[in-house]
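1. Requesting a structural model of the entry that follows:
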Amino acid sequence: MTQCGLLTGSNKPVPLRSVSVTVLIRGFVADVGCELLYRNDEQGPVEAVFVFPVDAEAAVYAFQARLGGACIQAQLREKKQARELYGDALAGGQSSFLLQQEGAGGDVFSCSLGNLPPGEEAALTLRYVCELPLEPDGAARYVLPAVLRPRYTPHGWDREDVTQGVPRVPQGELPYTLSLSATLQSPHGIDRVLSNCSLTPLSHTAGNRTSAQVSLAETPLWGRDVELLVYYVEPHKPSAVLEAGLPGAEPGSLMGDPAVMVTLLPSLPEAVPGQSSAGEFIFLLDRSGSMECRMDRRDGSPQRIDSAKETLVLLLKSLPLGCYFNIYSFGSRFESFYPQSVAYTQKTMSKSLQRVQQLQADLGGTEILAPLQAIYRSPCRDGHPRQLFVFTDGEVGNTEDIIAEVQRHQGAHRCFSFGIGEGASTALVKGIARAAGGSAEFIMGQDRMQPKALKSLKRALQPSGTGILLCWDLPPEMEVALVGQGPEPPDTAVGGLTLQYRIQDQTYKETLQFPLQPQDGDRLPIHRLAAKSLLLELEGAVNTGSEGDRHRALETSLSSGVVCSLTAYVGVDTERMQPVQGPLVRWDIPLAEFDLMAGHSLYGAPQIFAHTRMVVVEHTNHLYKQLPPPKCLAWLCRLSDFIWGSSRHEGSESCKHSAPPGTAPQEERAREEYLLLRLVSLQNADGSWDLDSRLATALGVSKTDARGRMPSKDVSPSVWATVLAVVWLHGRAAGLRDEWELLEAKAVGWVRGQAGPRLSECLEAANTLLGCTVGPAVFRL
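-> Residues are numbered from 1 along each chain as shown. Predicted coordinates for the structure are as follows:
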């Protein structure tokens, strides 16, 4: 039989024609609409089922269909009831549609369109809102997930996994297309937009550059996520967005009261190694087979396991002397370097570095629960807070079990998680970090793993804040309380808040004032984010069997319109007078195959405060210094493996700015990364370097000069060597500062305790030998 309509390479019809995405980005919040356009070119009615990824912290809040000229709004119902309504409609010959979260993880959804008559089209539109993370270089990062890999099924796990049944076709054979357009708004001005896909020129729609538009210039491959990096003129400026409540909602309820989202940037002091040797640092590394994938599709791109190993080298070199550490790795089974954490010494560091170099992606599957349980069985050390770092590219079926295990031990540790590669489960990576008060990072394509891991280590090393107070300054007739309703504020009313906290012996205070007039719009993104934040907390308790939390989660979902694991959207076409005739044929919409060896593309939760008049969502980011854009080159140990080119495209006339192989800037950057790794590998656990031929080679000087230029016989060779290394870092590897500043601070602390009055003389001699101009402030002189 001849097939008509859209076909895959295997001659299978696909009723999905296109996916059109519109994004409204206001500051650090994205409101997203996704339209799925279907057409039935078969002889009888069809049911189309599309399974797709969604960020686990996104709040899906609306679903509608356009069928035969009629627009039908879906209703949010308890999931069992929604499925029954959908099934009854199918049995009765009515066109219907269903949107539901698959499982408890929250990062996989399915959309079903049933009884689409032959020759007709239907457009299904879902809406969601998500908070955007602040990247180290000041960008707001939006990612449209497009990669859904099959979840690994752990041994003995017998629950259903919808990702296993999704049909796959080779890359480039998916017959439906993807388009995306974005509207950007910020009172602080929009500077530029970068992407891993080609963009149209950025078009500013306001003279003061506070609004702009940009779109994809061409249809991207479905085998990679779509990333937008939005750079604002003042990305680190505190802000507040006020939103009116939902008309008709009960006053005093989550949706009935106004809500304000506040972005604060606390002035956290830099972590300085040597201030404290307290801490137990446990690194858990994924060694499943998929870690052999390359970080992106470029020839010569490093494998994920190699990038992770290089990151472990930096982390080990940056630990403070006197702490405790251990390294676990997992696949179908798990291993640990030591039976329990050991003291960080020169001997244990050197032994661990040798074992790190031997690690391979050769342990099979992704059984992450067992090593976590082994870690938690190991007793914590008094006076050494436990910090857990988890590196994985995995997607597992038992995500909720893993998150629950981490949450059971939340009072005994913090968890910092890293999702490697596109398709890494946001439910898993964000869930374990949220459960144990840490942070989550994602490394995709040409992102460098090293700076993101070191950023998390800095957070782990920072002293804890105490005496945290949040004070509100509101008009006399308004208050922030749990229930109740106050009068409307006058047009000129201004609110304010003060955040005060204490770190060690210093008190910090952050203040912000904002107008009490709500922004325009009826989508209520701030309310939806508040509801999602509450649902994430409640659903975690539901998994432990709390019936009260289950009832509250269901009530919150239904009142806010935000989907959770207990609810689903369902719509039925009641306008069509005659039932759809003919046997119903189901088609599962295919996704792109996952190429293990090629890899993928070229490239914190809100807290709800008590309220009456307002629901308050606090979005707090760490204070980051302005840094260059993330490096696009992988850091390899061999010069022959240098990688060329950049694949981030800017929304401007010259949007493609990749460099050909062999160009001087690319070659120099790759060489800088290689030389840095070589120098770092020679550092001792106490922060010092030894004066030998290996160091001279790393510094680019002769062994004779390295020894002969020592300013005085009174200076020990190790002090002179360490001063040389620190000067080299500042003079020759300044662009990689975020990767070496912790180990450099350890070195400076060691030198200051050993050099005595000769330190200034050593610095001057080191600058002369290396041709640098590093100032005395580096050594706190």
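2. Check for me that Glu673 belongs to a helix.
-> Yes - according to DSSP: H, G, I helix; E, B strand; the rest coil, Glu673 belongs to a helix.
3. ok, how many other residues are close to it?
-> 25 (other C-beta atoms under 10 Å). Bear in mind the C-beta positions are built from the backbone N, C-alpha and C, glycine included.
4. and what of Leu246?
-> 18.
5. what about the nearest residue to it once chain neighbours are set aside, helix or strand, and which?
-> Closest residue in space to Leu246, ignoring its immediate chain neighbours: Met255 at 4.3 Å, by C-beta to C-beta, 6 or more residues apart in numbering. Met255 is part of no helix or strand, with elements assigned from DSSP states H and E.
6. For Met255, which residues are in contact?
-> Gly245, Leu246, Ala249, Leu524, His527, Ala531, Ser559, Ser560 (C-beta atoms under 8 Å, 6 or more residues apart in numbering).
7. who does Arg66 bridge with?
-> Arg66 has these beta-bridge partners by DSSP bridges: Cys71, Ala123.
8. right, and it touches Leu113 too?
-> No - at 11.5 Å, Arg66 does not count as touching Leu113 under the criterion of C-beta atoms under 8 Å.
9. picking up where we left off before, what are the phi and psi angles of the residue nearest to Leu246?
-> Dihedral pair for Met255: phi -90, psi -20, per degrees, to the nearest 10.
10. Next one, pLDDT for it please.
-> Met255 is assigned a pLDDT of 91 by the prediction.
11. still on that earlier bit, now the common contact residues for Arg66 and Leu113.
-> Going by C-beta under 8 Å, 6+ apart, residues that sit against Arg66 and also against Leu113 are Ala122.
12. out of these two, which sits in the busier spot?
-> Neighbour totals were compared for Arg66 and Leu113, and Leu113 leads with 27 against 15 (other C-beta under 10 Å).
13. that older thread, who wins on neighbours among the contacts of Met255?
-> Neighbour max across the contacts of Met255 (other C-beta under 10 Å) = His527, 29 neighbours.
14. The closest residue to that residue other than its chain neighbours pairs with what?
-> Distances taken as C-beta to C-beta, 6+ apart put Ala259 closest to His527, at 5.1 Å, once the chain neighbours are dropped. Using DSSP bridges, the bridge partners assigned to Ala259 are Glu243, Val615.
15. what residue ranges in the stretch 451-600 of the chain are flagged as low confidence?
-> 479-492, 542-545, 594-600 (pLDDT under 70).
16. Helices of that one, residue ranges please.
-> 525-542, 547-560 (DSSP state H, counting those that start in this stretch).
17. Check the stretch 301-450 of the chain too.
-> Going by DSSP H, counting those that start in this stretch, the stretch 301-450 of the chain shows helices at 304-318, 346-357, 369-377, 399-408, 426-435, 449-461.
18. Among these, which comes closest to Val51?
-> Ranking the helices of the stretch 301-450 of the chain by distance to Val51, with C-beta to C-beta as the measure, places helix 426-435 first at 14.6 Å.
19. Now find how far off-centre the closest one is within its chain.
-> Chain-centre distance of helix 426-435: 10 Å, with C-alpha atoms, centre = their mean, to the nearest Å.
20. Let me know the pLDDT of Gln171.
-> 67.
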